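*Asks:* got a predicted structure plus its sequence, pasted below:
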Protein chains: 4
Amino acid sequence: MSTPLPIPARQPQRARGRERVAALLDAAVQVFEEKGFDAATMTEVAARAQASIGSLYQFFPSKEVLAQALLERYAAFINTALNDLVARAPYLSAQDMAHGLVDMQVQVRASRSVALSLVDARRDAAEVRGGIRDQMTARIADILLARAPDMDAARAKNMAVVVLQVLKAIPHLADEAQGAAQLLVEAETMIRLYVEKATT
Amino acid sequence: MSTPLPIPARQPQRARGRERVAALLDAAVQVFEEKGFDAATMTEVAARAQASIGSLYQFFPSKEVLAQALLERYAAFINTALNDLVARAPYLSAQDMAHGLVDMQVQVRASRSVALSLVDARRDAAEVRGGIRDQMTARIADILLARAPDMDAARAKNMAVVVLQVLKAIPHLADEAQGAAQLLVEAETMIRLYVEKATT
Amino acid sequence: MSTPLPIPARQPQRARGRERVAALLDAAVQVFEEKGFDAATMTEVAARAQASIGSLYQFFPSKEVLAQALLERYAAFINTALNDLVARAPYLSAQDMAHGLVDMQVQVRASRSVALSLVDARRDAAEVRGGIRDQMTARIADILLARAPDMDAARAKNMAVVVLQVLKAIPHLADEAQGAAQLLVEAETMIRLYVEKATT
Amino acid sequence: MSTPLPIPARQPQRARGRERVAALLDAAVQVFEEKGFDAATMTEVAARAQASIGSLYQFFPSKEVLAQALLERYAAFINTALNDLVARAPYLSAQDMAHGLVDMQVQVRASRSVALSLVDARRDAAEVRGGIRDQMTARIADILLARAPDMDAARAKNMAVVVLQVLKAIPHLADEAQGAAQLLVEAETMIRLYVEKATT
DNA sequence: TATGAATGAGACTTCATTCAT
DNA sequence: CATGAATGAAGTCTCATTCAT
C-alpha cells in the first residue's frame, strides 16, 4: 500500500553546496523539458550542470527524487500564485481571473521553474505526485467559490478539474511558433466564458 | 532535411498474419496507454499479444513504426467522425456540436483505438505525427466555420487549436474514478460556451 | 575432428528449378561481394533473386552451404584456367605467364563468378574451404615447375603461396577508381620479375 | 555528406581507467584477429579483458570506435616504422628495403598491435579508415622515390599500392604452420626484385 | 514445391545506481 | 564532499532457420 518511503533530497550544508543544487535543478528542468522524464538521463543532467554524476547522486539519491524535487519547486511557486488569486478572487472580473490563471502558467514557463508534464508522468509516482494535483484543483475550486459563494462545492471541484486541464495545455500553446500570443488570448477567453457563466 | 527512410509497417499477406497484426496492435494500444511511449517495451507488447518478439518485428520493424501505425488507426477513426461533424455542423446547436466533439473522444477511448497521448510524444517524430494534428485542427476549424461562415479563418484556426487541447484532456477526465460523467458534462459546457460566443 | 558433415546443396530436378538456383547463386555472389560473408543476409539474397526465403532454403539448407556452393563454382572456373596455364606453361614467357595469372582473376571478377574473399573467410569453414586453396597453390606450383623443371619442389610450393596472395589482391586493384589498368600492369610486372628470376 | 558524429573513445582519467583501457585494447586485438570485425562480439572482448560490458562501453562507445582505436594504435606504430625507412631509403639496398618493409609487418604482428585486416573491412567505415591506407601508400611511395628520385611520381604511387597489398598478406604468411620463415623470404624476394628493377 | 509467417538466441547499446579513491 | 570508474539488468533489433499452409 505504502510507497517504500522515498528517501528525500539531501539538504546541502554549505554555500558551495547550495549553488550546486541550484545548478543541478536548473539543469534538470531543462533536460526533463526537452526529453521528458523517461528519456532524460541522469548523466546529462549532471553534465549540463557541470557536475559529476557522483555529485548529482550526492544530493538526489534517485531519478525519482530529482523529479519530486522539481515538482516541489513548482508547487511552491504555483501555490503562492494561486493563494494570491484566491485572496483577490472576490474582486476580480471573470476576465481578470482567467488572465490570472493563464498568466501564472506563462510565468512558470518563463522562469523555467518546472516541467508541468511531470504532474501526471507515470502511474507509480502518481501517488506521490498526485498530492500536487489535488492541491491545485482544490485551490482553483476555492477561487471559483470565492467569486460565487453559492455554487455547489462539488461542482466547483469538477470545474476546477476541467480548468486545470486547460491550464496544462498553456505551455504547449505558448510554444507554438505561429501566433502564440493569440492562442493564449483564446485560451483566456475560453476560461473566462466558462467561469463567467458559472459564477453569475 | 528528409528523414532517412520511413520504412512502413509490413502488410501481412496471409490470414494468419492479419490476425497477428490485429492482436499486436491491440496489445500495443494497451501497453502504450498504460506506460506511455518511452516506458512501453516491445517485449511486453509481444508477450501480451502472445507472440514472439520476432513476430512483432516482422510486421513493425521498429517501435516508432508501431506507434505510427497506432496513430494511423486512430487518425482514420477520428477523421471519419470529424468529417461527419463538419457535414452536420450547419444544423447543429453549439450544445450538440460540443457534445459531438467530446463524445468522439469518448468513443475512441471506449474502442481502445489509440493513445492520443502519442500525438505529441517526442520532438523528432513530431514531424511525422504533426500531420495528424494539423489535420485535426483544420477539420475543427471547418466545423467552426460551418456554423459561422463570417468568422475570420485565422481566428477559427486558433480556436481550433485551443479546442483540440481540451479534447486531448477528455480521456483523462473519462478516467477519473470520481464523477467522470459530470466532468465530461463540464468539458462540454466549456466548449459550448466558447463556441456559442464566437459563432453568434 | 570431422566437420559434422555439411549437407550439400540440393540438385534441382526441373528446368524451372535450375533457373532458380542460377538466380540465387548470382544474387548470392552480389550480396557476399558487397557485404562480406558475415554481413550478408539470407533474406537479402532471396529478395535479390526475387525468390522467397523458403525457396532459398529449399536449395541451400544453410548459409554455409550457400557459400560453399559459390566457392565450388569459383573453383571449377579457376581450375580450368589453371590447368590450361599448366599445359601452356613450358612455352610461355614469364610475362605471359604473369599476365595469364592476373587475367584469370580479372575474368573471374568480370563474370561475377565468385567472391574470392570467401577463400579464407572464417576459421571453422576454413577446413572445408582450405581444399580449394591447397588445390590452387598446387596448380600454381605446377606452372612454375613446368617452366623450370629443375626447381626444388618445396620452393615452388612456397613461391606459389606468395603468388597466390598477390592474386588475391587483384580484385581490390581492379576496383580502384583511379588507374585500375595501370595497377594491374604493375601487379603483372611484380609477378613476372619474380617468376623470371626464379625460373631462369 | 559528413558522418553524423564521430564520437571518439573516451580518455580515462584515473590510473585504474588507464589499465582497463589497455586491457580492453589487448583483448580487442585478439578477438578481432581471431574472428574478424563482424563476427567479433563486444561481449567477448569485455569478457576477455575481465571487464563488464558496461566498462567496455564507458571507454569505447561503439564497436566502430573500438576498431578505430585499434587502427590508430596500429597507424602510430606503422608510421614510425615507415618514416624511419623513408629516412634510410637512400642508403638502402633493394634487399634491405624489402626486408625492412616485411619486417615491419612481422613486428606489428609479434607485438599484437593490430589486425591489419581492418584496414579495408567494410565500405562505410572505409572513409575513415581509408585515411590510414592513403597515408601508408604515400609513405611507401616516398621510400621508392628516395631510392630513385627520377621515377615518375604517379608510377611510384601505383607501385606503392601493389606493394601494400603484398605487405597485407604478410601476417597470413607468418601464420602458416609450415615454413613461415621461407615464405617471408620469398615475399621479400618478390618485393626486392620489383623494387630493384624499377629503381635502377 | 513455394511461400510467408514464426521463433528465439544473441548482438549492440544505454543508463540508473554503487563505490573506491 | 567530489569524482570518475564499474556494474549489469534490460531494451531494441537482427537474422538464420524451421514450419504450416
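*Replies:* Perfect, thanks for sending it. Numbers count the residues shown, from 1 in each chain, chains lettered A, B, ... in the order given.
*Asks:* contact partners for the residue nearest to residue A:50 when sequence neighbours are not counted?
*Replies:* In this structure, residue A:50 finds its nearest non-sequential neighbour in residue A:23, 7.0 Å apart by C-beta to C-beta, 6 or more residues apart in numbering or on different chains. Any C-beta I mention is one placed from the backbone N, CA and C, and that applies to glycine too. Going by C-beta atoms under 8 Å, 6 or more residues apart in numbering or on different chains, residue A:23 touches A:49, A:50, A:51.
*Asks:* do the same with residue A:81
*Replies:* Applying C-beta under 8 Å, 6+ apart, the residues near residue A:81 are A:104, A:107.
*Asks:* next one: residue A:85
*Replies:* A:92, A:97, A:100, A:101, A:104, A:139, A:143.
*Asks:* among those, which are in helices?
*Replies:* Among the contacts of residue A:85, the residues falling in helices (DSSP state H) are A:97, A:100, A:101, A:104, A:139, A:143.
*Asks:* now the buried members of the residues you listed.
*Replies:* For the ones in helices among the contacts of residue A:85, a burial check counting by 16 or more other C-beta atoms under 10 Å in any protein chain shown picks out A:97, A:100, A:101, A:104, A:139, A:143.
*Asks:* briefly note if the helix or strand hosting residue A:54 comes near chain D.
*Replies:* Under the criterion of DSSP states H and E, residue A:54 resides in helix A:53-59. No: under the criterion of C-beta under 8 Å from any C-beta of the partner chain, chain D is not reached by helix A:53-59; the shortest gap measures 11.5 Å.
*Asks:* buried ones in that helix?
*Replies:* For helix A:53-59, burial by neighbour count (16+ other C-beta under 10 Å) applies to A:55, A:56, A:57, A:58, A:59.
*Asks:* try stretch A:180-198
*Replies:* A:182-196, A:198.
*Asks:* next up, the contacts around residue A:194.
*Replies:* Neighbours of residue A:194 in contact, by C-beta under 8 Å, 6+ apart: A:159, A:162, A:163, B:189, B:190, B:193, B:194.
*Asks:* rewinding a little: filter the buried residues of stretch A:180-198 down to the ones in helices?
*Replies:* A:182-196, A:198.
*Asks:* which bits of chain A sit near chain D?
*Replies:* So chain A never meets chain D (C-beta under 8 Å from any C-beta).
*Asks:* near DNA strand F, from the contacts of residue A:23?
*Replies:* residue A:51 (C-beta under 7 Å from any atom of the strand).
*Asks:* between the contacts of residue A:23, which has the most around it?
*Replies:* residue A:49 (21 neighbours; other C-beta atoms under 10 Å in any protein chain shown).
*Asks:* sec struct for residue A:151, please.
*Replies:* coil (DSSP: H, G, I helix; E, B strand; the rest coil).
*Asks:* residue contacts, the residue in chain A that DNA strand F sits nearest to?
*Replies:* Residue nearest to DNA strand F within chain A: residue A:54 (2.2 Å; C-beta to the nearest atom of the strand). By C-beta under 8 Å, 6+ apart, the contact list for residue A:54 is empty.
*Asks:* got a list of what residue A:17 touches?
*Replies:* residue A:59.
*Asks:* okay, and the helix or strand of chain A with the least pLDDT?
*Replies:* helix A:123-147 (a mean of 78; mean pLDDT, DSSP states H and E).
*Asks:* ok, then the element right after it?
*Replies:* helix A:153-175.
*Asks:* pretty sure residue A:195 sits against residue A:151.
*Replies:* No: look at residue A:195 against residue A:151 with C-beta atoms under 8 Å: they stay out of range, at 10.8 Å.
*Asks:* between the two, which contacts overlap?
*Replies:* Counting by C-beta under 8 Å, 6+ apart, the shared contacts of residue A:195 and residue A:151 are residue A:144.
*Asks:* I'd like the contacts of residue A:194 as CSV, with pLDDT appended.
*Replies:* Putting these into CSV (pLDDT from 0 to 100) gives the following:
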residue, pLDDT
A:159, 95
A:162, 95
A:163, 95
B:189, 95
B:190, 95
B:193, 95
B:194, 95
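*Asks:* now render those as a markdown table, adding distance to residue D:178.
*Replies:* Shown next, in a markdown table, are the contacts of residue A:194 (distance: C-beta to C-beta, whole Å):
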| residue | distance to residue D:178 |
| --- | --- |
| A:159 | 91 |
| A:162 | 86 |
| A:163 | 87 |
| B:189 | 93 |
| B:190 | 89 |
| B:193 | 94 |
| B:194 | 90 |
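*Asks:* and chain A, which residues reach chain B?
*Replies:* Residues of chain A lying near chain B (C-beta under 8 Å from any C-beta): A:34-39, A:120, A:122-123, A:154-155, A:158-159, A:161-162, A:165-166, A:168-169, A:172-173, A:176, A:179, A:182-183, A:186-187, A:189-190, A:193-194, A:197.
*Asks:* try 6 Å
*Replies:* Within chain A, the positions adjacent to chain B are A:38-39, A:158-159, A:161-162, A:165, A:169, A:182-183, A:186-187, A:190, A:193-194, A:197 by C-beta under 6 Å from any C-beta of the partner chain.
*Asks:* and the contacts of residue A:23, which is closest to DNA strand E?
*Replies:* residue A:51 (12.1 Å).
*Asks:* let me know the secondary structure of that closest one.
*Replies:* Going by three-state DSSP: residue A:51 is coil.
*Asks:* for residue A:184, give me its contacts.
*Replies:* By C-beta atoms under 6 Å, 6 or more residues apart in numbering or on different chains, residue A:184 lies in contact with residue A:173.
*Asks:* mind running it again at 7 Å?
*Replies:* By C-beta atoms under 7 Å, 6 or more residues apart in numbering or on different chains, the contact set of residue A:184 is A:102, A:106, A:173, A:174.
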